[in-house]
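# Pasting the sequence and the predicted coordinates here, then a few questions.
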Amino acid sequence: MDQSVAIQETLAEGEYCVIAVQGVLCEGDSRQSRLLGLVRYCLEHGGQEHALFLYTHRRMAITGDDVSLDQIVPVSRDFTLEEVSPDGELYILGSDVTVQLDTAELSLVFQLPFGSQTRMFLHEVARACPGFDSATRDPEFLWLSRYRCAKPELELPTPRGCNSVPGTWPGYATIGGGGSNFDGLRPNGKGLPVDQSSRGQDKPESLQPRQNKSKSEITDMVRSSTITVSDKAHILSMQKFGLRDTIVKSHLVQKEEDYTYIQNFRFFVGTYNVNGQSPKECLRPWLSDGVQAPDVYCVGFQELDLSKEAFFFHDTPKEEEWFKAVSEGLHPDAKYAKVKLIRLVGIMLLLYVKQEHAAYVSEVEAETVGTGIMGRMGNKGGVAIRFQFHNTSICVVNSHLAAHIEEYERRNQDYKDICSRMQFCQLDSSCPPLTISKHDVILWLGDLNYRIEELDVEKVKKLIEEKDFQTLYAYDQLKIQVAAKTVFEGFTEGELTFQPTYKYDTGSDDWDTSEKCRAPAWCDRILWKGKNITQLSYQSHMALKTSDHKPVSSVFDIGVRVVNDELYRKTLEEIVRSLDKMENANIPSVSLSKREFCFQNVKYMQLKVESFTIHNGQVPCHFEFINKPDEESYCKQWLSANPSRGFLLPDSDIEIELELFVNKTTATKLNSGEDKIEDILVLHLDRGKDYFLSVSGNYLPSCFGSPIHTLCYMREPILDLPLETISELTLMPIRTGDDCSQLESPMEIPKELWMMVDYLYRNAVQQEDLFQQPGLRSEFEHVRDCLDTGMIDNLSASNHSVAEALLLFLESLPEPVICYSAYHNCLECSGNYTASKQVISTLPTFYKNVFHYLMAFLQELLKNSAKNHLDENILASIFGSLLLRNPAGHQKLDMTEKKKAQEFIHQFLCNPL
């Protein structure tokens, strides 16, 4: 996920976050998560300066509210970033990258995740370093002075002796400061496995250099036809330098069958919903059940931590606990190396390989997709790891889909969201991101939460007692949905010969005896897609009793394409010889199937897609959408091209999708008429000409993205008003709304807000998981249309969908309910209810009305907490960040101040208004 967007929201005009990467700051034995952003500032005289902005953050950084500025390190002449590796530990592909940041005043050590995002980050930092050209003036960093003023405790930079690493590392690859190019590969292209005693140890005691080859050496290897078989996986994973190398790679992929053969490897795939528990028993009955040690382990967990802290913030001690338990439970007859760990709140996925296979693992990437409330909370969603094993691409997905028997459509939507939003960067940045479906082998595991329908609890238990699983399976929701081709199309699942894995009384094999008495169900599943896959076992493990779920495992023999050294060398030589013959200086040329695109009736948060085809002529070419003069992006914020760049072989085609999506960032200016659905895209060919594409259309104004005072003056539905009136009201200053002498008599609160709250008051005050479980996207669109057209009598949606629409409405307000001007006063008086009420009394009338209206509604919900299970802390956390937002352009606050904001809202939930 691109977290630079969150950083960009914290920056001032003229500052641009080039790229961001999430890492770990290592200070002695301490490990603290940090978000690193490379920020560029354009000087008036035309030059540029850069600085590294270091942020603390909660959960995955999605918006500026999720990050807090901790430190700024100017990229000055004495700035270096050195890639180093643990002393005494042999390097393994897929391990985290350790880097040391040095200036004249400080030294910091970070661990960054292995993969192309880190690689691109280091590349951009290298480009940003000013070097040692005496003709170039020294950077002054005057633009950073505003941060000293905004937050005096930020020093630029501050020496940190406790983070300094003593000693020197001769022969390191230096990033910046005039050092060698970091873009290289290990000697012989092999990652060497760690020994068993250090398995899972991510905390280096001391550091030594990681050897790299230069760019020229890599290019020479491709040209010279002397690549060994052990180099092959890594060579093809490297970002290529120049058109010729890209062609070589493309032809190698096309001729893969000429130099590879199929070899079976044993994969263990396991899933376990641990219900927020810590490990209490050995996991070997689950992980080491077979006689033969697996070659690869894919182990997934759900509900790792059910605490509110894990839900609203990122860190949890349970990660380390379960990682250790898994590492100790792996098959005793082999030594394993951890390739990757990825976690989203309570959803965690671990990938291990036998040490002897580590050299043949490459292109490791990991991503997360949250599908919880507002499409971003990570209590539900998926995590995935993709990698190249020898010459076969593999993607492993661990998902936790929506709960409750009636929510199968929500589960279907979660699955589709994970498939569409899970994208992996490729090491070759000219290639578009990979989706789950673009892999040879897909292994999907998790608590999919599909239940057994139409049968009562006793009938289900009777069939289980009789071991009549075939009859029971006919009522399984996943089977029914797969048959209807709504989910998992093309996937296979083995026969279910074990009893349902949910729900048990914790610590026993007894079915749920709680008040809810949940019906048993096969919630925990493993499916696969691809060729040369044989399932050897599919079973549950009743011996483990830690959770209300039982763990599930499946063992596969998977045929992987392995490179034949001699045949590979011959194929490569043939490709290079043929390229020598065809090399020429011809100018590339393409034809476009379409150059004008019209998006009609665009609506808020409703994706519109138009596509066209690029057909290449007889010359291989790179294409890319490029920025127009004086613009920081190739298109406006509401538009994107997928892919935005790529490579075309002669006489080949590629389909480009133009995606238009209006969200809270872009809606207000489209409502006001300050922006329009109009843009020009420039498609550039490397060594060729530019092609111009025209985008036009119309946006249907919405209450989403409209200011509160604007909506109060709209007595008619927004879509019934002339565009001129909408524009005039949207641009009206906030305080003008208090003076209604020249305007039609306004309403006290927006009618759209009243419609949603009234619906929830009448239907949902006892609804369990309100504001915590997401609704359906189709129902949100229905709610939006009812609000914008005034057809409230037609409103028919689930309580969760209306609740999520309310949150999205509050999030979309360009000026929050508690105006930006009152933000700091609210923080200062947090904990003093009398002073807090006084601050609220100073708000503009409409904003004050809305605040009191919402607080009264939330208090009504709390009166029904025995039924809806809401409490003041949950509501304060959810609504705190929506009602009380940081002023635009100001620095984001640290975690202590965020908690003050929640405490401010908490007061109004617990005291009389």
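The structure has been received and is ready for your questions.
# Only C-alpha atoms from now on, for both contacts and neighbour counts.
Will do.
# name the element residue 857 belongs to?
helix 845-863 (DSSP states H and E).
# Report the buried residues of that helix.
Neighbour counts using 16 or more other C-alpha atoms under 10 Å place 845-851, 853-859, 861-862 of helix 845-863 among the buried residues.
# next one: stretch 412-420
Applying a neighbour-count criterion of 16+ other C-alpha under 10 Å, one finds 412-415, 417-419 buried in stretch 412-420.
# A strand includes residue 567, no?
No - using DSSP: H, G, I helix; E, B strand; the rest coil, the assignment for residue 567 is helix, not a strand.
# Tell me the pLDDT of the spatially closest residue to it that is not a sequence neighbour.
Nearest residue to residue 567 in three dimensions, chain neighbours excluded: residue 259, at 4.8 Å (C-alpha to C-alpha, 6 or more residues apart in numbering). Looking at residue 259, its pLDDT stands at 94.
# got it, and residue 152?
43.
# in the stretch 401-550 of the chain, which segments are predicted with low confidence?
428-430 (pLDDT under 70).
# Would you state the strands of it in chain order?
Taking DSSP state E, counting those that start in this stretch to define them, one finds strands in the stretch 401-550 of the chain at 423-424, 434-435, 441-447, 524-530, 533-540.
# now the helix or strand hosting residue 101: how far from the chain's centre is it?
Assigned by DSSP H and E, residue 101 falls within strand 97-102. Centroid separation for strand 97-102 versus its chain: 24 Å, with C-alpha atoms, centre = their mean, to the nearest Å.
# what angle separates the following helix or strand past it from strand 97-102?
Next along the chain after strand 97-102, taking DSSP H and E as the criterion, comes strand 107-112. Orientation check (axes from the mean of the first three to the mean of the last three C-alpha atoms, to 10 degrees): strand 107-112 against strand 97-102 gives 160 degrees.
# Strand 107-112 packs against which elements?
When contacts are defined as 3 or more C-alpha pairs under 8 Å, 6 or more residues apart in numbering; DSSP states H and E, strand 107-112 sits against strand 15-27, strand 97-102.
# what is the mean pLDDT for the helix or strand residue 253 falls within?
Under the criterion of DSSP H and E, residue 253 resides in helix 243-254. In this model, helix 243-254 has an average pLDDT of 77.
# Packing partners of it?
If contacts are counted by 3+ C-alpha pairs under 8 Å, 6+ apart, helix 243-254 sits against helix 215-224, helix 565-582.
# got the angle for that helix vs helix 565-582?
Going by the same axes, to 10 degrees, helix 243-254 makes 130 degrees with helix 565-582.
# and after helix 243-254, which helix or strand comes next?
Later in the chain than helix 243-254, the nearest helix or strand by DSSP H and E is strand 260-273.
# List the buried residues of that following strand.
260, 264, 266-273.
# try stretch 550-570
Buried residues in stretch 550-570, counting neighbours by 16+ other C-alpha under 10 Å, are found at 550-563, 565, 568-569.
# Stretch 13-24 too?
Buried residues in stretch 13-24, counted by 16+ other C-alpha under 10 Å: 15-24.
# Is it possible to get a markdown table of the residues you listed that adds distance to residue 899 and pLDDT?
Below are these laid out as a markdown table (distance: C-alpha to C-alpha, whole Å; pLDDT from 0 to 100):
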| residue | distance to residue 899 | pLDDT |
| --- | --- | --- |
| 15 | 28 | 91 |
| 16 | 28 | 91 |
| 17 | 27 | 91 |
| 18 | 30 | 90 |
| 19 | 28 | 91 |
| 20 | 25 | 91 |
| 21 | 25 | 90 |
| 22 | 23 | 87 |
| 23 | 24 | 87 |
| 24 | 23 | 88 |
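# where along the stretch 451-600 of the chain do the helices fall?
457-465, 469-473, 477-483, 565-582 (DSSP state H, counting those that start in this stretch).
# next one: the third one to chain centre, how far?
Just to be clear, that refers to helix 477-483. With C-alpha atoms, centre = their mean as the basis, helix 477-483 stands 28 Å off its chain's centre.
# Provide the contact partners of that helix at residue level.
If you take C-alpha atoms under 8 Å, 6 or more residues apart in numbering as the criterion, helix 477-483 is touched by 408, 450-453, 473-474, 487-489.
# Can you flag the buried ones in those?
Using 16+ other C-alpha under 10 Å as the burial test, these include 408, 450-453, 473, 487-488 as buried.
# Which one of those is nearest to residue 881?
residue 408 (30.1 Å; C-alpha to C-alpha).
# Look up the closest residue to the closest one, ignoring the ones flanking it.
residue 450 (6.6 Å).
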